[in-house]
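Novice: build me a model from this:
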Amino acid sequence: MLINPPKGALIEMKNNWKQLLRLTVLIATLATTAMYAQQDTEVDDDVLDLNKIVVKGELYIWNRVSDVLDLFRLGIGAGGSVGVDACITQYVNLGAMYNKEHGVDFPHFIPPFWLAHYYQQKPIFNIHDGDYQTAAFGPYRYEEKFPVDGNVTFTHNPWEIRLEVAILLHVYAQIDLAEVFDFIAGIACFDPSGDDQEIDPSARRKPVDQLGRGVCNICFGLLEIPINVIRVTEDEGDMPGISKGVALGVWRGLVREVVGVVELVTFPFGWTPIIEPEYVLQKTKSSYWTVRRPSFHKRY
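Specialist: Purely as a prediction, here's the structure:
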């Protein structure tokens, strides 16, 4: 026997279903709105993170300056050396040379900027020692060196413009065309050489600490001179104090001044101290004085 429910009960049931549907739609709408609001907030926070913007900007400048410093190398050698050797890439060579010498090549010719190579864990100096003779014309090149497996020549690369002139004193200059391409590509944020530095996301950055260190090292870095004179005099005597102490103090003071400028200009990086001890005068004494590489790199 089929019993029809009262008309009022049907209307009430229908209204309940409508309210439940409306409540479900409302909850879904609020959840979706909250989700997108959180995403927008994260995007806005990322966009408005001034420190991150400044760090990325300074790192871009750092990498472009480093690319410029990679463009050319110079070198000098002394010993029994005579000849001329020139090349424009490995396909155009001309010259003949004999060397029996000790030599070294280094990045560009501005010593303070050598720190950029040190900070990025690149070798500042390439030292060679041994016998070397070569004759070259066009794409053809004859070389003989002793020891065979030793480092007996200046730095040679396939894509370089190089000139070497030797009459007892051996002078070397090189421009690396591969690094020229890397610099041009780097302007558009490409890195063909794979040598651009990146921020280590696991590193804890303290920009205010770095700013303070930079200012202190600039203002008080030269206090290293009297401090080292006094320290060496107390440990080793008067003569070492006025010789070794002065030389050590001048060197450490100049290093503090240079690092201070670097830390001041790049303080948004917030890296760990480059010099240890981090301040010229501090409560905790340390006899171990060293220069570290900045903590922004993670490639090596």
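Novice: could you chop the protein up by domain?
Specialist: 70-183, 207-291 (automatic domain parsing).
Novice: mind pulling up the pLDDT for Ala116?
Specialist: Here the pLDDT value assigned to Ala116 is 83.
Novice: what is the burial count for it?
Specialist: 20 (other C-beta atoms under 10 Å). For every residue, glycine as well, the C-beta is placed using N, CA and C.
Novice: for the strand or helix carrying Asp209, packing partners?
Specialist: Assigned by DSSP states H and E, Asp209 falls within helix 207-220. Judged by 3 or more C-beta pairs under 8 Å, 6 or more residues apart in numbering; DSSP states H and E, helix 207-220 is in contact with helix 246-265.
Novice: what's the mean pLDDT across whichever helix or strand comes after the helix holding Asp209?
Specialist: Following helix 207-220 in sequence order, the next helix or strand is helix 224-236 (DSSP H and E). For helix 224-236, mean pLDDT rounds to 92.
Novice: quick one: contacts of helix 224-236?
Specialist: 240-242, 244-246, 248-250, 252-253, 256, 280-281 (C-beta atoms under 8 Å, 6 or more residues apart in numbering).
Novice: now for the next helix or strand after that helix, which elements pack on it?
Specialist: Where DSSP H and E defines the elements, the next helix or strand beyond helix 224-236 is helix 238-240. Using 3+ C-beta pairs under 8 Å, 6+ apart as the contact test, no helix or strand touches helix 238-240.
Novice: Glu179 against Leu71, yeah?
Specialist: Yes - using C-beta atoms under 8 Å, Glu179 is in contact with Leu71, at 5.1 Å.
Novice: give me the more crowded residue out of those two.
Specialist: Glu179 (23 against 17).
Novice: surely the more buried one is within a helix?
Specialist: Yes - using DSSP: H, G, I helix; E, B strand; the rest coil, the assignment for Glu179 is a helix.
Novice: for it, give its distance to Asp105.
Specialist: According to C-beta to C-beta, to the nearest Å, Glu179 stands 14 Å off from Asp105.
Novice: same question, Ile161
Specialist: 15 Å.
Novice: which one's more surrounded, the two?
Specialist: More crowded of Ile161 and Asp105, by other C-beta under 10 Å: Asp105, with 20 against 17.
Novice: which residues does the residue lying closest to that one once chain neighbours are set aside contact?
Specialist: The shortest distance from Asp105 to any non-neighbouring residue, by C-beta to C-beta, 6 or more residues apart in numbering, is to Gly75 (3.1 Å). Contact analysis of Gly75 by C-beta under 8 Å, 6+ apart lists 103-106, 126, 154-155, 170-174.
Novice: give me that answer again for 7 Å
Specialist: 103-106, 154, 172 (C-beta atoms under 7 Å, 6 or more residues apart in numbering).
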